[in-house]
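K.L.:
I need the structure of the sequence given here:
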Amino acid sequence: MKSVIIGQSGGPTAAINATLAGAISEARRLGAERIYGMIGGIQGFSAGKYVDLDEHIQSDRDIKILMQTPASALGSCRCKLPKPEEEPEIYRDIFERLNALDISCFVYIGGNDSMDTIAKLSEYGESCGSDIRFVGAPKTVDNDLAVTDHTPGFGSAAKYIAASVKEIICDSSVYDIKSITVIEIMGRNAGWLTASAALAQGADCGGVDLIYLPERAFDLEKCVSSVRELLDKKDTVVIAVSEALRNENGEYICSSGGVHAGLDAFGHKIMSGTGQFLAQYLGKALDVKARGIEISTLQRSAAHLASAQDIEEAASAGAAAVRAAAEGRTAEMSVIRRIADGDDYKYTIDTADIKSIANAEKTVPDEWIINDGTYVSEDFIRYARPLIMGEPDIIYENGLPVHIKIK
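P.N.:
Here you go, the predicted model:
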């Protein structure tokens, strides 16, 4: 193995640095000459921004702190590369930089659009006879990557959401008055995170009353009727909604409130305001106190409440990506295969062809959405529960978790 370079791309998660740590540790175990990190993903690397990770992550303690550090320690980007045939000069420049660093292994940690980068770089590498191997490592709280059973980052975000929902339910039940609480949760087209609100239900918590996912068209007036029926039976109603609810015409509910947040670099609409709009609408329609709560970036950055299972799998996925490249494989992504479920949950790490993953999207199965689109089934609970289990042993200083900062 010659030198390895690792990048992070797309939205951060509480587990993305565990994947980076796993990749670094495996590259060292396999005897990589140098290990570099792209600063700001492929966009930053194209501008010559990278660091020698051996200088920044030196000890086992550094690795442990990196694994408990939220967000992307190397920085990130939302950069969609053009097709190689359209702008070959971009690829020539990237490969010149890679060759100058004597790179044999390129690992990119990210989601759907990041795997598109792996697909294009490996395609160009093959066309020009390069021996550099390009392998992806999965990351996204949205859990919408194809082929892999689930995605590192999702379990920790789901754990934070379920814990927060439990606490919100406790808080909303304090006063003996009619009230509605709408909790807005991330998820552009896939409702995995919003569905995770169902994990709050247990012996000490009745759980949320309604869950609305983007996989089903949202009917505003049917929602009003459902909430009215609930308020006839109880004082407080708590609802979990995806940020990207759409009506039967495909129009975003958040746009109904006059919110136009624009598009990101990939052309995806930036969501904002669904929870606030729905709370205001329901409060006015039913003449009760109503509030909207947007968990926002907390659900993906709360490393202090990460899932130990998620962190373990994230590190394993990073190590598997490096190992695949060391074995000569390219144009692949490490994937998680579930081999046992429930209390006996077990998994293994495999790899899959990047072409079956890049730009694809996995949504919540329709049969897991029940009660006329207002809740999720026990099948979802069995699927998600093992992924939120366990708490990492976090290093604290001055009462706060310690984090790595790579300059």
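
K.L.:
Give the rounded mean pLDDT of stretch 353-368.
P.N.:
For stretch 353-368, the per-residue pLDDT values average out at 96.

K.L.:
same deal with stretch 39-56?
P.N.:
So the average pLDDT for stretch 39-56 ends up being 97.

K.L.:
Could you work out the end-to-end span of it for me?
P.N.:
When the termini of stretch 39-56 are compared using C-alpha to C-alpha, to the nearest Å, they are 13 Å apart.

K.L.:
In it, which residues are buried?
P.N.:
Within stretch 39-56, the residues scored as buried using 16 or more other C-beta atoms under 10 Å are 39-46, 50-51, 53-54, 56. Quick note: C-beta positions are derived from backbone N, CA and C, even for glycine.

K.L.:
ok, of these, which one's closest to residue 139?
P.N.:
Checking the buried residues of stretch 39-56 against residue 139 with C-beta to C-beta, the nearest one is residue 41 at 11.7 Å.

K.L.:
picking up where we left off before, among the buried residues of stretch 39-56, name the ones in helices.
P.N.:
When those are checked against helices using DSSP state H, the ones located there are 41-46, 53-54, 56.

K.L.:
Quick check: residue 220 vs residue 114, distance?
P.N.:
35 Å (C-beta to C-beta, to the nearest Å).

K.L.:
same thing with residue 39?
P.N.:
To residue 114, residue 39 is 16 Å away according to C-beta to C-beta.

K.L.:
ditto for residue 163
P.N.:
28 Å.

K.L.:
more neighbours, these two?
P.N.:
With neighbours defined as other C-beta atoms under 10 Å, residue 163 and residue 114 compare such that residue 114 has more, 30 against 15.

K.L.:
what's the helix or strand for the more buried one?
P.N.:
Here residue 114 sits within helix 112-127, counting by DSSP states H and E.

K.L.:
what's that helix packed up against?
P.N.:
The elements that helix 112-127 packs onto, with contact taken as 3 or more C-beta pairs under 8 Å, 6 or more residues apart in numbering; DSSP states H and E, are helix 88-100, strand 103-110, strand 133-138.

K.L.:
which one of those has the most crowded surroundings?
P.N.:
Each of the helices and strands packed on helix 112-127 was given a mean neighbour count from mean count of other C-beta atoms under 10 Å, and the largest, a mean of 29, is that of strand 133-138.

K.L.:
Where does pLDDT dip in the protein?
P.N.:
Under the criterion of pLDDT under 70, the regions of the chain flagged as low confidence span 256-272.

K.L.:
how does it look with 90?
P.N.:
Along the chain, the model assigns pLDDT under 90 to residues 1, 112-113, 188, 253-273, 341-343, 359, 407.

K.L.:
Just give the closest residue to the residue most central in space within it, not the sequence neighbours.
P.N.:
With the centre of the chain defined as its mean C-alpha position, the nearest residue by C-alpha atoms, centre = their mean is residue 141, 1.7 Å away. With C-beta to C-beta, 6 or more residues apart in numbering as the criterion, residue 141 has its nearest non-adjacent residue at 4.0 Å, and that residue is residue 157.

K.L.:
any idea which element residue 335 lies in?
P.N.:
Using DSSP H and E, residue 335 sits within strand 332-340.

K.L.:
Heading C-terminal from that strand, find the next helix or strand.
P.N.:
Following strand 332-340 in sequence order, the next helix or strand is strand 346-353 (DSSP H and E).

K.L.:
Give the partner strands of that following strand in its sheet and their orientations.
P.N.:
Strands adjacent to strand 346-353 in the sheet, as given by DSSP bridges, are strand 332-340 (antiparallel).

K.L.:
Going by neighbour count, which residues in the partner strand are buried?
P.N.:
Of all the residues in strand 332-340, those buried under the rule 16+ other C-beta under 10 Å are 332-336.

K.L.:
Could you export these as CSV, including distance to residue 376?
P.N.:
As requested, the buried residues of strand 332-340 are arranged in CSV below (distance: C-beta to C-beta, whole Å):
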residue, distance to residue 376
332, 32
333, 27
334, 28
335, 24
336, 21
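
K.L.:
Which one of those is nearest to residue 293?
P.N.:
Closest to residue 293, out of all of the buried residues of strand 332-340 and judged by C-beta to C-beta, is residue 336, at 31.0 Å.
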